[in-house]
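1. Pasting a predicted model and its sequence here:
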Amino acid sequence: MLASLRRRTAALASAGLAVALMAGCSTTGAQEPETDPSTGSQETTAELSGTLTLATSSDLGPKLFIDDFTAETGVEVQGTYAEAGALGEQIRIQVTSGTAPDLFRSAPGFAAPSSVLNLANEGALRDLSDQPWAQYVPESFSRLQSVDGETYAFPTYGQAMLAFYNKDVFEEVGVEPPTTWSEFIEIMDELKAAGKVPIALGLADNYIMQFLPFALAGTLVDGLEPDFYEKLDAGETSFVESEGWRKTFELFVGLVEDGYTTPDPLGMPGDPAMQSVASGDAAIVVMPSAASPVLAGLMTGGEDRMGSFAIPATDDASETIVPFTPDYLVVNADAKNGDAALAFLEYISTPERASQWAAEVGAIPALTNAEPIDNDVNRTMQPFLSSGQVAPFSNHGWPGGQVAGALMEVGQQVVEGSKSIDDLLAAMDAAYQEAMQ
Amino acid sequence: MSTALATRGPAASPLAPSGASRPKGRHSRRRLVPQWFLVPALVLYTIVVVYPSIAGGLYAFTDWRGGNEVTFTGLENFRKLLADQAAVASLRNTLLIAVSLTVVQSGLGLLLALALNSAIRARNVLRTLFFAPMMMPPVIVGLLWQYIYTPDGPLDTALEALGLGTVVQSWLGSSSVALWSVIASVIWHHVGMSMVIFLAGLQGIPDELYEAASIDGASPLRKFFSITWPLLGQAITIATALTMTSSLKLFDQVFIMTGGGPGVSTQTLSLIMYREAFVYGEYGYGSAIALVLTMIVAFIVFVQMSITRRGEVEA
């Protein structure tokens, strides 16, 4: 039991990172750098000095480059590393009190008080539009990091909302990853007939309430109603009127009601649900790719026995859109060593280094010119990234955390049967309006 | 006390010349010396406690969202709180938790203390065992009990092994059960503290009173109500006040075990205060909730202590 608790604690930390991703000194001078036309990167010819203060959620990525960056530029990097949620709360206070680091992690969109757009709207972030790597930021990220067409964040890496499955279970039952909704339901039936729980669902941890709906909404909302959020902001539509969101929740609730998920999902926490996939009792778990190393670690065969696929939501495979969202670094508008911060971003933005950082944290490179990584998650995502069939996690485009809060709170009641999908959509509308004020 | 010491000092000195009196200014300067030693602590207390408390109270009347813009909004946050269904449900849950924890935890703590104040041989081991959960951080207790309550988990397995399979249910997944499941885990965690307070109270009661009662032929029940209960008055006041205060502020275990769900069934005022301030960035509204919670805690504990203190008797 102690081992189980340790695993759960580790998994909790990782899940916390996934949730946070969802939500989310001294002076110097510099000269104009020269641009390398092949990579868009600039050789750092600037004369830099002093100390660069950096705060991120993990030292895994930064530590790959800090020593070399210091050797090349003479800038000492003073790093602070904390769990993403706690870091965000700390950064919010530091920005207000004028003590924020030069370069720090920020969540996309408006997901948290310290998110990119909240801080950019306050004038707390430096405009990064003229940086050489800005041309390689995926178009789908623009509404998460741009204000009036100017970009305010560097996408360090990305994560996708995918279905992760136990290959041994799939081979035992004789099923293949689906590409359409009908195929998806077929394998659900076959897995269920074989005595397996098709989808492990641990809704006792309420943030997990977002995962499967977001995976479906990528196709049904961002794909099939691409102007939904524009119209919503203009007051021309609502969640209640959205066919995409209604269909999203109908499919989700249908999976629960038809017995394709963990029995009593509201009583099951997220970590034991994930463990049931590792043990082979369940076949699939839907979660952000940032949590996949935890699942791989729990599986007997490790990463080799874990597969992934994009969740289809229609019977046309070409319509599938995968939620893919970035993790950001931003530059403090009042940075004491802003030039060093810009130089550091430029340093890590080369195709090779962007890929190395992503590989180190088990993620997907975010810049379009980054070198692809050869692992299961990246192989699953590559076709969607190449064709641009990606969209940010739904909550990252919402104007505040209230909408996700309504989804989690009322969504649980819908699963329990005490509220309807109409109630849920109305609650999301009310929360959206409240957050817009 | 400092004044008394300063006054006694010179008078007690054998070297003081008879009939001589010290200059008044020097005397009063010496009297002030001990008070100057208090200044660093008072400054620190003001910076760390007084100022943030007052600032927090003032933010409750603003729309502060973490940035530099702050607008005074009067009672708007409090109107919003009254109209907020989740907040009203949270208040109801908070009061339910406070009352049930205070009654059940204090009752169990008293029973344990009475049992372990007897001459049973394993009493020291049992006292340690019952107090041990208090040494665990609430987050770990939350994770532990979330695991125990897992469907087909340790609790369900134990109940089925005992032939009580019909009792098995969705401990954290049912709106009607989840709050009681959380309360049970908090009682398990904190009952040792109540037990220790009552044990201290019981050990302060002179044995002679029980011996005299025995000679008079009093039954054990009569001894309890005529001697133990009245003389435990101070312990009851302390145990119930501490339990009431901590349960009104309950956060960690709810946050870890249910996050306030399913729906709003286990939400507490502390939880929505955290959510509004740190998740939604509504620091002004969060401060208003904190202010209301503080006033509720102060009022309830004041009333509760007034009642329990009336029953206190000195041994």
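-> Okay, I see it.

2. The one helix or strand residue A:251 maps to near chain B at all?
-> Per DSSP states H and E: residue A:251 is located in helix A:243-257. No - using C-beta under 8 Å from any C-beta of the partner chain, helix A:243-257 stays clear of chain B, with a minimum separation of 11.9 Å. Yep, even glycine has a C-beta here, placed from its N, CA and C like the rest.

3. quick one: average confidence on the next helix or strand after that helix?
-> The helix or strand immediately downstream of helix A:243-257 is helix A:270-279, counting by DSSP H and E. What helix A:270-279 shows for mean pLDDT is 95.

4. To which secondary structure element is residue B:298 assigned?
-> helix B:283-310.

5. next one: that helix to chain centre, how far?
-> Remark: helix B:283-310 is offset 12 Å from the chain centroid, using C-alpha atoms, centre = their mean, to the nearest Å.

6. cool, stretch B:110-125 as well?
-> 24 Å.

7. Let me know how buried the closest residue to residue A:280 other than its chain neighbours is, in neighbour terms.
-> Spatial nearest neighbour of residue A:280, chain neighbours left out: residue A:169 (5.3 Å); criterion: C-beta to C-beta, 6 or more residues apart in numbering or on different chains. Residue neighbour count, defined by other C-beta atoms under 10 Å in any protein chain shown, stands at 22 for residue A:169.

8. Give the buried residues for the helix holding residue B:298.
-> B:283-294, B:296-297, B:300-301, B:304, B:308 (16 or more other C-beta atoms under 10 Å in any protein chain shown).

9. helices or strands next to that helix in the packing?
-> helix B:51-59, helix B:76-83, helix B:85-116, helix B:233-248, helix B:269-274 (3 or more C-beta pairs under 8 Å, 6 or more residues apart in numbering or on different chains; DSSP states H and E).

10. right, and residue A:101 touches residue A:331 too?
-> No - using C-beta atoms under 8 Å, residue A:101 makes no contact with residue A:331, being 9.8 Å away.

11. Could you report the distance from residue B:79 to residue A:176?
-> 57 Å (C-beta to C-beta, to the nearest Å).

12. Residue B:121 should be in a strand, yeah?
-> No - Residue B:121 is assigned coil when assessed by DSSP: H, G, I helix; E, B strand; the rest coil, not a strand.

13. Residue B:198 contacts residue B:237, correct?
-> No - contact status for residue B:198 versus residue B:237: not in contact, 11.6 Å apart, counting by C-beta under 8 Å.

14. Name the residue in these two with the higher neighbour count.
-> The neighbour comparison of residue B:198 against residue B:237 (other C-beta under 10 Å) goes to residue B:198, with 25 against 21.

15. Spit out the contact partners of residue A:382.
-> Listed by C-beta atoms under 8 Å, 6 or more residues apart in numbering or on different chains, the contact set of residue A:382 reads residue A:372.

16. swap that for residue B:85, please
-> residue B:264.

17. neighbours of the closest residue to residue A:120 other than its chain neighbours, just the number please.
-> Distance criterion C-beta to C-beta, 6+ apart; nearest residue to residue A:120, sequence neighbours excluded, is residue A:152 at 4.2 Å. Neighbour count of residue A:152, defined by other C-beta under 10 Å: 24.

18. and if you look at residue B:106?
-> Number of residues near residue B:106 (other C-beta under 10 Å) recorded here: 22.

19. pretty sure it contacts residue B:242?
-> No - Residue B:106 is beyond contact range of residue B:242, at 9.5 Å (criterion: C-beta under 8 Å).

20. quick one: contacts for residue 205?
-> Picked chain A for this. A:15, A:269-271, B:259.

21. that's the wrong chain, I wanted chain B
-> For residue B:205, the contact set (C-beta under 8 Å, 6+ apart) comprises B:227-228, B:231-232, B:315.

22. Show me the two of those that sit farthest apart.
-> The largest separation in the contacts of residue B:205, counting by C-beta to C-beta, is between B:228 and B:315 at 10.8 Å.

23. Next one: the nearest residue to residue A:335 once chain neighbours are set aside from residue A:333, what distance?
-> Using C-beta to C-beta, 6+ apart and skipping residues adjacent in sequence, the residue nearest residue A:335 is residue A:102, 3.8 Å away. For residue A:102, the distance to residue A:333 equals 10 Å [C-beta to C-beta].

24. So which bits of the stretch 301-437 of chain A are right by chain B?
-> A:400-402, A:405, A:408-410, A:412-413, A:415-416, A:418-419, A:435.

25. Narrow the residues you listed to those that are buried.
-> By 16+ other C-beta under 10 Å, those give A:400-402, A:405, A:408-410, A:412-413, A:415-416, A:419, A:435 as buried.

26. Helix or strand next in line after the worst-scoring helix or strand of chain B on mean pLDDT, which one?
-> Among the helical and strand segments of chain B, the one scoring lowest on mean pLDDT, DSSP states H and E is helix B:2-12, with a mean of 40. The C-terminal neighbour of helix B:2-12 among helices and strands, as given by DSSP H and E, is helix B:24-45.

27. Centre of the chain to that following helix, how far?
-> 34 Å.

28. Excluding chain neighbours, what is closest to residue B:286?
-> Nearest to residue B:286 is residue B:277, by C-beta to C-beta, 6+ apart, at 2.9 Å.

29. Can you name the residues of the stretch 201-315 of chain B that neighbour chain A?
-> Residues of the stretch 201-315 of chain B lying near chain A by C-beta under 8 Å from any C-beta: B:257-264, B:275, B:278-281.

30. ok, those vs chain A, which is closest?
-> residue B:281 (3.1 Å; C-beta to the nearest C-beta).

31. in chain A, which spans are strands?
-> Per DSSP state E, chain A carries strands over the ranges A:34-35, A:42-43, A:51-56, A:76-81, A:103-106, A:146-147, A:150-151, A:154-166, A:197-199, A:282-288, A:306-309, A:322-331, A:390-391.
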